[in-house]
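Engineer: any chance you can model this:
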Amino acid sequence: MKKLTLLTLIIASTITACTTMKSGTIGTGGLSQLGGTWELNYISGPRIAFNGLYPGKKPTIKFEIGDKKFSGNTSCNSYTGALVADDSSINFTAPFAMTKMACPGEGEATFLQMLRKVGSYAVTSDTTLNFMMGDIAIMRFSKKAVSN
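Structural biologist: The predicted structure follows:
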């Protein structure tokens, strides 16, 4: 009985650790640099030109670090979910909410497929966000200016 209780406690702790945002060091780079809204300007993989995938509107992602949430637009549908990240790793494999409008082309599907492959991130110059798969940047975003 003690072994079963201990095993249950270990499994519960592991699941909790894997499904919540790690604390990071908010305010000293890393996770704190994610805050704000970012607009996609590069995505690897598709054989279609970037402007062909997103002719009208580019995908965006917004991070609300304090609320442990992310949201954005795929260029067609809006989405939102719980942020699972620390100072260098980020994970979008957990299910998240999304509107269900019919979208032309392959842009949305490509964006979502690549987002699920992301394992880490790097912010450079406080204005460029790279989502990485291993050591390869598979998505790149530019920080959007805050409008009043």
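Engineer: the residue nearest to residue 33 when sequence neighbours are not counted: neighbouring residues, count only.
Structural biologist: Leaving aside its sequence neighbours, residue 33 sits nearest to residue 123 (CB to CB, 6 or more residues apart in numbering; 4.1 Å). All C-beta atoms are positioned from the backbone trio N, CA, C, and that covers glycine. As a burial measure, residue 123 scores 18 neighbours (other CB atoms under 10 Å).
Engineer: who's in contact with the residue positioned nearest the centre of the chain?
Structural biologist: The residue lying closest to the centre of the chain (CA atoms, centre = their mean) is residue 92, at 5.5 Å. Counting by CB atoms under 8 Å, 6 or more residues apart in numbering, residue 92 makes contact with 81, 84, 115, 116, 118.
Engineer: give me the phi and psi for it.
Structural biologist: phi -120, psi 30 (degrees, to the nearest 10).
Engineer: spatially, what comes nearest to it if we skip its sequence neighbours?
Structural biologist: Counting by CB to CB, 6+ apart, residue 92 lies nearest to residue 115, which is 4.8 Å off, once chain neighbours are set aside.
Engineer: doesn't residue 43 make contact with residue 50?
Structural biologist: Yes: counting by CB atoms under 8 Å, residue 50 touches residue 43, with 6.7 Å between them.
Engineer: so which residues of the protein form strands?
Structural biologist: 36-43, 60-64, 69-73, 78-82, 84-85, 90-91, 97-98, 120-124, 128-133, 136-143 (DSSP state E).
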